[in-house]
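J.: here is a sequence with its predicted model. Questions after.
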Amino acid sequence: MLVLPKNTEELKRVLKIVAISKKEFLVMGNGSNILVRDGGFDGIIIKLGEGFNQITVNKEDQTLMVGASALLSRVARETVEAELTGFEFASGIPGSMGGALFMNAGAYGWEMSQIVREARVISRDGSREYTLLNDKMELGYRSSIFEKTGDIIISVKLKLDTGEKEKISETMKNLTARRNEKQPMNFPSAGSFFKRPEGNYAGKLIEEAGLKGLMVGDARVSPLHAGFIINTGNAKAKDIISLMKLVQSTVYDKTGIKLEPEVRIIGED
Ligand SMILES: Cc1cc2nc3c(=O)[nH]c(=O)nc-3n(C[C@H](O)[C@H](O)[C@H](O)COP(=O)(O)OP(=O)(O)OC[C@H]3O[C@@H](n4cnc5c(N)ncnc54)[C@H](O)[C@@H]3O)c2cc1C
């Protein structure tokens with residue numbers, strides 16, 4: 001079941017009902033880091049609706065209040081207009097603000113932890129609304145406290161720096177060009193499939209294991225960037241998961257390194 005609460009009050013009500021029903025639930029951002037198994041998700045998907053989409057810029061203190069469902073590409077455009085720098089790294093990540101904070105999304109040496117000041121959060125049972133400061137979010141490599149608590153991010157306050165419009169826009173263009181050149185943007189994927197193992201790169205290990213281009217059904221280790229698993233046609237979730245397991249076991253046998261998926265896999269087979 002998909003539920004689209006329009007505002008905080010509706011969200012709290014939904015969460016209270018879900019808590020009583022004891023059904024499993026998942027808050028979905030833009031869904032860019034989620035893989036649903038072929039049997040679907042037998043729970044409740046909560047997607048934050050239009051009331052969670054607002055962006056308020058304060059040029060004076062270089063902060064932005066961003067609703068959790070606002071897309072990072074839109075936030076990026078606002079930062080260009082407001083001449084605020086620090087968000088360039090996130091401009092090409094196809095996620096929402098809530099998903100990006102949950103994942104502590106990052107690129108090119110930057111991550112959300114460096115620009116997030118605080119977040120407004122609702123407890124998973126809908127009973128409590130609170131502000132969480134950055135240093136209490138346990139932001140690590142593609143991880144955060146929200147994974148543990150299951151609480152819902154409703155808005156995020158970012159702190160950026162004053163910059164120059166041309167320069168900010170130029171940096172974003174360069175990063176997009178770099179992304180288009182190095183990543184398989186013309187096929188569906190969930191981005192980098194695996195987390196970066198300590199001191200190494202998943203793509204490099206997969207390539208060195210000779211797995212670039214390997215296919216299971218229509219799922220393929222991208223020939224352009226071995227860290228991506230792409231859907232070349234009608235790949236089922238089971239093809240993607242079989243390919244993931246094959247990659248994990250081959251890399252483990254060759255290097256002793258366990259690759260952990262960055263992509264969040266949910267639902268039933
Ligand atoms: C082509 C491509 C390129 C990518 N490049 C990058 C990259 O450079 N760097 C990077 O870090 N990632 C990258 N990603 C992965 C993904 O885009 C990011 O992780 C993004 O931040 C996920 O945001 P989302 O809104 O899509 O989250 P979703 O995929 O919808 O959800 C991800 C997780 O966050 C949780 N969540 C979402 N919203 C909330 C909320 N409001 N409150 C609580 N929990 C929430 C979900 O329950 C889920 O567990 C890429 C993906 C693709 C497809």
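T.: Alright, I've got the coordinates.
J.: tell me which residues in the helix or strand harbouring residue 118 are buried?
T.: Using DSSP states H and E, the element containing residue 118 is strand 116-122. Neighbour-count burial for strand 116-122, counted by 16 or more other Cβ atoms under 10 Å, picks out 116, 118-122. The C-beta positions use only the backbone N, C-alpha and C, and glycine is treated the same way.
J.: just send those residues back as TSV, with pLDDT too.
T.: Shown next, in TSV, are the buried residues of strand 116-122 (pLDDT from 0 to 100):
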residue	pLDDT
116	98
118	98
119	98
120	98
121	98
122	98
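J.: now distance to the ligand too, for those residues, in JSON lines please.
T.: Below are those laid out as JSON lines (distance: Cβ to the nearest ligand atom, whole Å):
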{"residue": "116", "distance to the ligand": "12"}
{"residue": "118", "distance to the ligand": "14"}
{"residue": "119", "distance to the ligand": "9"}
{"residue": "120", "distance to the ligand": "10"}
{"residue": "121", "distance to the ligand": "8"}
{"residue": "122", "distance to the ligand": "9"}
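J.: what lines up beside the strand holding residue 118 in the sheet?
T.: Using DSSP bridges, strand 116-122 pairs in its sheet with strand 129-133 (antiparallel), strand 152-159 (antiparallel).
J.: what does that strand contact?
T.: Here strand 116-122 makes contact (Cβ atoms under 8 Å, 6 or more residues apart in numbering) with 8, 11-12, 15, 63, 101, 128-134, 137, 139, 146, 151-159.
J.: ok, and which of those reach the ligand?
T.: 146, 152-153 (Cβ under 6 Å from any ligand atom).
J.: which positions in the stretch 101-250 of the chain make contact with the ligand?
T.: Checking the stretch 101-250 of the chain against the ligand by Cβ under 6 Å from any ligand atom, the hits are 102-103, 105-107, 146, 152-153, 189-191.
J.: most tightly surrounded among the strands paired with strand 116-122?
T.: Compared across the strands paired with strand 116-122, strand 152-159 shows the largest average neighbour count, a mean of 24 (mean count of other Cβ atoms under 10 Å).
J.: tell me which helix or strand comes right after it.
T.: As assigned by DSSP H and E, the chain's next helix or strand after strand 152-159 is strand 161-162.
J.: partners of that following strand, with directions?
T.: strand 84-85 (antiparallel).
J.: fine, thanks again, bye for now.
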